[in-house]
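[1] Need the 3D shape of this:
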Amino acid sequence: MASKVVLPKWGMGMNEGTILKWLKAEGELVTEGEPIVEIESAKAIEQAPATESGRLVKILVAEGQTVETYTTLAVIAAEGEDYADLMD
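    This is a model prediction of the structure:
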């Protein structure tokens, strides 16, 4: 089942984060729990993990972009799976 990777809220005062570096590229296989993106918030640099195992089919937020918490950063899906409804 396809899933979103969203910018987590790591603390009460966190409202946004900046994508520093994607650790995986579009099209690469990922394992659930594996760090796939490095994010800087006001207080720390954290790594967000893959939400499931599959292929990183679409990166929606580029390196250097700052977005609000809970923004969809990427989509992970199985080979050939439809994920269009997850992109916002």
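[2] so where do the strands sit in this protein?
    In chain order, the chain shows strands spanning 3-6, 16-22, 29-30, 35-40, 45-49, 54-59, 66-68, 72-77, with DSSP state E as the criterion.
[3] got the angle for the fifth one vs strand 72-77?
    What that stands for is strand 45-49. Comparing the axes of strand 45-49 and strand 72-77 via axes from the mean of the first three to the mean of the last three C-alpha atoms, to 10 degrees yields an angle of 30 degrees.
[4] Against which helices or strands is strand 45-49 packed?
    Helices and strands in packing contact with strand 45-49 are listed as strand 35-40; criterion 3 or more C-beta pairs under 8 Å, 6 or more residues apart in numbering; DSSP states H and E. For glycine as for every other residue, the C-beta is placed from the backbone atoms N, C-alpha and C.
[5] elements contacting the strand it packs on?
    strand 16-22, strand 45-49, strand 72-77.
[6] could you give me the average pLDDT of the first one?
    Here strand 16-22 scores 96 as its mean pLDDT.
[7] repeat for stretch 78-88
    Stretch 78-88 shows a mean pLDDT of 72.
[8] Using CSV, please lay out the helices and strands packed on strand 35-40 together with distance to residue 83 and mean neighbour count.
    Formatted as CSV, the helices and strands packed on strand 35-40 follow (distance: least, C-beta to C-beta, whole Å; neighbours: other C-beta atoms under 10 Å):
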stretch, distance to residue 83, mean neighbour count
strand 16-22, 18, 18
strand 45-49, 18, 16
strand 72-77, 4, 22
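[9] would you turn these into a markdown table with distance to residue 57?
    Below are those laid out as a markdown table (distance: least, C-beta to C-beta, whole Å):
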| stretch | distance to residue 57 |
| --- | --- |
| strand 16-22 | 13 |
| strand 45-49 | 16 |
| strand 72-77 | 5 |
